[in-house]
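Participant: Give me a model of this one.
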Amino acid sequence: MASASAQAWALKAACYAAWQRDPPACRGAANELAALARQYPQDTELQALAAWTDGIAALAISDLPVALQRLQAAQALFEARGQPGQAAETRVPQIGVLSMLGREGEARQCAEGALAQFDAAGDQRSAGKVELNLGSVLFRQDRHAEAEKHFRRAALRFARTGDAELSISADVALANLLGWQFRFDEALQMYERARLRARARGLQVLLVQVHQGVGQIELHRGHWARALRELSLGAQLARSTGAPPQRRIEAEAALADAYLAARLLTEATLLYDTLVQQAEALDLPTEQAWATLQRARAWNLQARTEEAQRGFEAAATLYEALGNQPVLGLIALEQGRLALDAGFLAVAAERAQCAQNMLAPSGLLGWQLQARLLAADADAAAGRWAPAEATYREVLAQALGPPVWPQWAGPCWAGLGDLARARGDMPGARQAYEQALGLVEQLRAALPDDEMRSAVAATASTVHEALVSLSLAHGNTLTLLVDLERGRGRGLALSLAGGGKPQRESARLQWLRQQWRQTLSEGDTARGPALAAQVQNLEQALLEEHRRERLQDRPGALGAHSSGSVFAAADVPALQAMLGLDRAMVAYHWQGDTLLACVVTSEGLEHRSWPVPGLGAQIRALRFQLDTLRHGDAVASRHGALLQDRVRQRLQALYAQVWAPLVPMLAGRRRCVVLPHRELHYVPLSALHDGQCWLVAHTELALAPSAAVWLALQRRPPPSYRRACVVGVGDDHLPQVAQEARQVAAIFGSHAQLLLDGEATRAALQSSVGSADVLHLACHGEFRADNPAFSALWLADGPLTLLDLSQQRLPAGLVALSACETGASRIASGEELQGLVRSCFQAGTAAVLATLWPVEDTASAALMVRFYEELHRGQSAAAALRAAQLAAASSDQHPYFWAGFVLHGRG
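Facilitator: Numbering: from 1, shown residues only. Alright, predicted model coming up:
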């Protein structure tokens, strides 16, 4: 029996040792101990140890009700044996279990009773464990001052007993608390010390907490790239080491919070959806409440107002049950923001005051600043400018630090800009708006990938529009051009400036990609809802894994601010030189019912604004008329003249609204680089009609996302169009593709590599494209407005998506996408076009020929052959496209068959 007892205690120790290193191993020790106890059913000590260890194993998988029941059973057995010390030991883990179950009062009562017992016995180590758990209970309630006392006392007790593992745990807990109190330097020092000590001892779960805590500090400081990297590493480590589900939920929630801050709203919402379900299933009310609250915040930022309101109410109910006053203050703040957006100024002011009162004793500076910002915004909206300005300046003084907190300094500068503008102080307004945009630019430039740089543009859209209005009123064209550029394609400009190489993919990411392709090949998702749902879930998983791998790149691979990507007044002479004597750049900006345009030529800069009532309706009507031709040649042959007349009338109206006001500023120039804005990206400019002829009859056109991007592309070495990789994948719907591909390849002669139908695989493309100057892709294409990352070109062995393109290096000269809707894009905030064209630029090409709508393949083949013949004669890509389109237009073809082709980038 003595040996059985010793073995039982050793197994209990092994279970505890696995807790921070290898949590799944807890179950193995518990099972072995249970088997031993079954051999001695009358030995209450073994039964107590088995129940105790079983409770810890249940806690390792966050099965909280079972954990509590087994721990309480062990306590009762030890008490019956007259072993109060051992009984008290079983109460230590019960503290955390009760807290996670939302039974905070019972948790404190349990802790206080055990603490008194250990103090009376002089057991410093066990008393320290209770202090640590009690501090965690209070921290989960955001009672930071009380929690800090317990954490510090626990650290002192562990230092006295020399228990390194528990000492590290106390350091991590205290550092976490200090981070939320914005005592960043002290917290980071403690985290770094804990990281070194935990890594040396293999304490993986503590390392998860270190990554999470450091990430949250960097998030508070506005260092989003560092935050995202640390939090992604923490979530990955939690998953790979088998950390308890509660810890994994915490790690995932922290990453979701970072997505929310960086305005990856769809991604954050999807994560919160999962976390709400998981927390509810595991009976984790605190985690459920936080995910519910944060999801409501994401909904609010997505303008899903009714869902957000219900979400805040649900979160308030959960937090009232938990008795957490500070978070209830945060909810009041968010409800006030909702009221302010809806124009209920009195309600917003009341909610702001309520939030300030509830947050005042919390020590949570970030939330306190947000409450004061809301109060200032409510005062400003109500015309109480003096108190609003005073509050903005007070908050700004704190936000400018040190350290600087851009996420709060930016809104202060924006608010001060609005006040200055309302008072007629235009220089003051400009200065404030520039400060706000500068902070956003710092945040964006530091982010690690294009997706996030694009998303953060949403935080600056209102300020940018205000700055453009100021510039327009001031009348300085140079200033206006620079201001337009500040809100145009900045994410793409940063990506091009940063260069970058394709990233190696993990085995998990490759597996997910294969699963997605395999599922996609199993049937028509449009006809099978279950299959469609499976594909959608795999797409979300694939995107998320891709995102996390990118976030975990070494720090040197993360995005860094590149001054060369920012367009400034000093770049205008270079821009004019690149344009030359015969070319103009037209930068549009569509604001309300006003269209403005800056025109840049070698001789100078001009701008003009004019009213465009009904422009949006005109564009939609044009697209509707063009869509009628999707039904094929039969429609065109029966109603050709009528359809041509109708579309010409629509294009004449658009010419009058969009192009005619520019003509005097162009001063006869026949070559134009156009920077569209908003829905103008969808207008086939070459088919605009002045009543006499199509615009393409006398004007060569190329599009660009921004002046900065165009200038960057022009600075690359001159293109060569000598060697081509020609890909053709046809079917019954594209019967002319094979002929088109052969004809295009014939133009390049021996310098062409032809991949036709079954030969046109992803692997063959990857091996062939490296030596080509031109890549021609004639195949089906699909633009996914719901998920642009899965827009695709369909090769013989499946789709080539935007994610796939991100792993390619494409020809520097030209990529021609002779496929359906390859030029379609979703316009995100900041004029960030998300689609195949953008991905081609990022993969290294300087010019992309793509289509705005599905083009009939016979017409497409004829136009493409003419385009390459002109290119082979030495014409530029823009001139070659003009010649090919003009030939089609001159043969009296409907614009549907030729005007959808658009050249992007270097012309």
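
Participant: If we ignore the residues flanking it in sequence, what's nearest residue 286?
Facilitator: In this structure, residue 286 finds its nearest non-sequential neighbour in residue 140, 5.5 Å apart by C-beta to C-beta, 6 or more residues apart in numbering. Where C-beta positions appear, they are placed from N, C-alpha and C, glycine not excepted.

Participant: looking at it, the one you found is touching residue 285, isn't it?
Facilitator: No: Residue 140 is beyond contact range of residue 285, at 10.2 Å (criterion: C-beta atoms under 8 Å).

Participant: Output the below-cut-off pLDDT ranges for the stretch 751-900 of the chain.
Facilitator: 783-790, 803, 806-807, 819-834 (pLDDT under 70).

Participant: got the CA coordinates for stretch 102-114 in CSV?
Facilitator: Taking C-alpha atoms only, stretch 102-114 is exported to CSV below (Å, rounded to 0.1, in the frame of the first residue of the first chain):
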residue,chain,number,x,y,z
GLY,A,102,-19.0,33.2,-13.5
ARG,A,103,-19.4,32.4,-9.8
GLU,A,104,-17.1,35.2,-8.6
GLY,A,105,-18.5,35.5,-5.1
GLU,A,106,-18.0,31.8,-4.4
ALA,A,107,-14.5,32.0,-5.9
ARG,A,108,-13.5,34.8,-3.6
GLN,A,109,-15.1,33.0,-0.6
CYS,A,110,-13.2,29.8,-1.4
ALA,A,111,-9.9,31.7,-1.9
GLU,A,112,-10.2,33.7,1.4
GLY,A,113,-11.0,30.5,3.4
ALA,A,114,-8.0,28.6,1.9
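
Participant: how distant is that stretch from the center of its chain?
Facilitator: The chain centre lies 40 Å from the centre of stretch 102-114; the measure is C-alpha atoms, centre = their mean, to the nearest Å.

Participant: Give me the contacts around it.
Facilitator: The contact list for stretch 102-114, computed with C-beta atoms under 8 Å, 6 or more residues apart in numbering, reads 88, 91-92, 94-96, 98-99, 126, 130, 133-134, 137-138, 140-141, 285-286, 321-323.

Participant: what does stretch 90-101 give?
Facilitator: 48, 52, 55-56, 59, 62, 64-65, 67-68, 71-72, 74-75, 78, 104, 106-107, 110-111, 113-114, 126, 129-130, 133-134, 136-137, 140, 246, 283-286.

Participant: Now which of those would you call buried?
Facilitator: Using 16 or more other C-beta atoms under 10 Å as the burial test, the contacts of stretch 90-101 include 48, 52, 55-56, 59, 62, 64, 67-68, 71-72, 74-75, 78, 104, 106-107, 110-111, 114, 126, 129-130, 133-134, 136-137, 140, 246, 284-286 as buried.

Participant: Sort out for me which of those are in helices.
Facilitator: Within the buried ones among the contacts of stretch 90-101, residues falling in helices by DSSP state H are 48, 52, 55-56, 59, 64, 67-68, 71-72, 74-75, 78, 104, 106-107, 110-111, 114, 126, 129-130, 133-134, 136-137, 140, 246, 285-286.

Participant: gap between the residue nearest in space to the middle of the chain and residue 270?
Facilitator: Nearest residue to the geometric centre of the chain (C-alpha atoms, centre = their mean): residue 264, 3.2 Å. Between residue 264 and residue 270 the computed distance is 10 Å (C-beta to C-beta, to the nearest Å).

Participant: swap in residue 91?
Facilitator: 39 Å.

Participant: Let me know whether residue 125 touches residue 166 as I believe.
Facilitator: Yes: between residue 125 and residue 166 there is a contact under C-beta under 8 Å: 7.2 Å.

Participant: So between these two, which is more surrounded?
Facilitator: Each of residue 125 and residue 166 has its neighbours counted (other C-beta atoms under 10 Å); residue 166 has more, 20 against 14.

Participant: shouldn't the more buried one be in contact with residue 158?
Facilitator: Yes: between residue 166 and residue 158 there is a contact at 4.6 Å, judged by C-beta under 8 Å.

Participant: Now do the shared contacts for those two.
Facilitator: Contacts common to residue 166 and residue 158, judged by C-beta under 8 Å, 6+ apart, are 125, 128.

Participant: Can I take it that residue 705 is in a helix?
Facilitator: No: assessed with DSSP: H, G, I helix; E, B strand; the rest coil, residue 705 is coil; it does not lie in a helix.

Participant: any idea how far it lies from residue 15?
Facilitator: 58 Å.

Participant: what does residue 285 give?
Facilitator: 27 Å.

Participant: just how off-centre is the helix or strand hosting residue 306 within its chain?
Facilitator: Remark: residue 306 resides in helix 305-322, with elements defined by DSSP states H and E. Remark: helix 305-322 is offset 25 Å from the chain centroid, using C-alpha atoms, centre = their mean.

Participant: got the angle between the following helix or strand past it and helix 305-322?
Facilitator: Beyond helix 305-322 in the direction of the C-terminus, DSSP H and E gives the next helix or strand as helix 325-341. Using axes from the mean of the first three to the mean of the last three C-alpha atoms, to 10 degrees, the inter-axis angle of helix 325-341 relative to helix 305-322 is 160 degrees.

Participant: other SSEs contacting helix 325-341?
Facilitator: Applying 3 or more C-beta pairs under 8 Å, 6 or more residues apart in numbering; DSSP states H and E, one finds that helix 325-341 contacts helix 285-301, helix 305-322, helix 345-359, helix 365-381.

Participant: Out of the ones you listed, which is closest to residue 580?
Facilitator: Taking C-beta to C-beta, helix 285-301 is the member of the helices and strands packed on helix 325-341 nearest to residue 580, at 44.4 Å.
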